[in-house]
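Colleague: sequence and predicted structure are below.
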Amino acid sequence: MTELDARERILDASRAEIAASGVRGLRIQRVAKRAGVSLGLIYYHFEDRAGLLRETLAAVDRAVQERIPEPDPRVPPGELVAAMLEAEFGDEPGTRADSVVWNEIRAIAVFEDEVRTALSDATQDWQSRLTAPLSAIGVPDSEIDGTATLLTGLVEGLSSRWLSGQLDTASAQRLMRTGTAAILAGATGGRALVSPGTAPAAGAS
């Protein structure tokens, strides 16, 4: 096993443990057992529990990026934004599990400064992926950061209700689309940029 393989196995195990038991239930010993590595190797790669949480959050952020289909230039930018955000809700095990991990780490960041910094960095990275499509839509440069914050904040709020069973996947996606349409209209002077139906797939042929 190479060092890179071991590191990725540890991060996969950490994501799985948090998705199953939450951050409060995270035990380094269980992560080591699930990953098939020694405790010492975990501390070698991540130093401590906070370091493991920081890198687990970064791994979730990378996984979310990988699940976003390549944009189709024929899809209008407003629909692309809606499709990117709706993709945060899905019945695939990886989508739900990573949403659990993000929400768990977001909750614990209220109390842990080191995790709060990592969460801020990951959130900024997430929002930066919206910059180009928001600019293409016509959102003024001075409003892009605020618009991205509103959109990602809506994802986080709906995901909490989705994960707790208050919303099913279809309802969460529908509400995300409705909210995206309203936020984009507000940022562009009332222009209708998102259709009320299902978005065309970002990689559709």
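Modeller: Right, received. Where do you want to start?
Colleague: got the residue ranges for the strands in this protein?
Modeller: Counting by DSSP state E, the chain has no strands to list.
Colleague: report all helices and strands that the lengthiest helix in the chain contacts.
Modeller: Taking residue count as the measure and DSSP state H as the definition, the longest helix of the chain comes out as helix 141-163. For helix 141-163, the elements it packs on are helix 77-86, helix 93-108, helix 113-128, helix 131-137, helix 169-187, judged by 3 or more Cβ pairs under 8 Å, 6 or more residues apart in numbering; DSSP states H and E. Glycine gets a C-beta too; all of them are placed from N, C-alpha and C.
Colleague: tell me the mean pLDDT for that helix?
Modeller: This predicted structure assigns helix 141-163 an average pLDDT of 96.
Colleague: so, low pLDDT: which residues of the protein?
Modeller: Applying pLDDT under 70 to the chain flags the ranges 1, 3-4, 69, 197-205.
Colleague: same thing but 50
Modeller: Of all residues in the chain, those with pLDDT under 50 make up the ranges 199-205.
Colleague: picking up where we left off before, what's the longest helix of the chain in contact with?
Modeller: 81, 85, 88-89, 96, 99-100, 102-103, 106, 123, 126-128, 130-131, 134-135, 139, 167-169, 172, 175-176, 179-180, 183-184, 187 (Cβ atoms under 8 Å, 6 or more residues apart in numbering).
Colleague: of those, buried ones?
Modeller: Buried members of these, scored by 16 or more other Cβ atoms under 10 Å, are 81, 85, 88-89, 96, 99-100, 102-103, 106, 123, 126-127, 130, 134, 139, 167, 172, 175-176, 179-180, 183-184, 187.
Colleague: the longest helix of the chain vs helix 93-108, what angle?
Modeller: 110 degrees (axes from the mean of the first three to the mean of the last three Cα atoms, to 10 degrees).
Colleague: pull out the buried positions in helix 141-163.
Modeller: Counting neighbours by 16+ other Cβ under 10 Å, one finds that the buried residues in helix 141-163 are 144-145, 147-148, 150-152, 154-155, 158-159, 162-163.
Colleague: with stretch 67-83 instead?
Modeller: For stretch 67-83, a neighbour-count test (16+ other Cβ under 10 Å) marks Pro71, Val75, Pro76, Pro77, Gly78, Glu79, Leu80, Val81, Ala82, Ala83 as buried.
Colleague: between those, which is closest to Arg191?
Modeller: For Arg191, the closest of the buried residues of stretch 67-83 turns out to be Gly78, at 8.3 Å, with distances computed as Cβ to Cβ.
Colleague: gap between Glu143 and Ala185?
Modeller: Between Glu143 and Ala185 the distance is 13 Å, computed by Cβ to Cβ, to the nearest Å.
Colleague: sorry, wrong one. I was asking about Gly157.
Modeller: Here the distance between Gly157 and Ala185 works out to 19 Å (Cβ to Cβ).
Colleague: again, but for Ala13
Modeller: Relative to Ala185, Ala13 is positioned 43 Å away (Cβ to Cβ).
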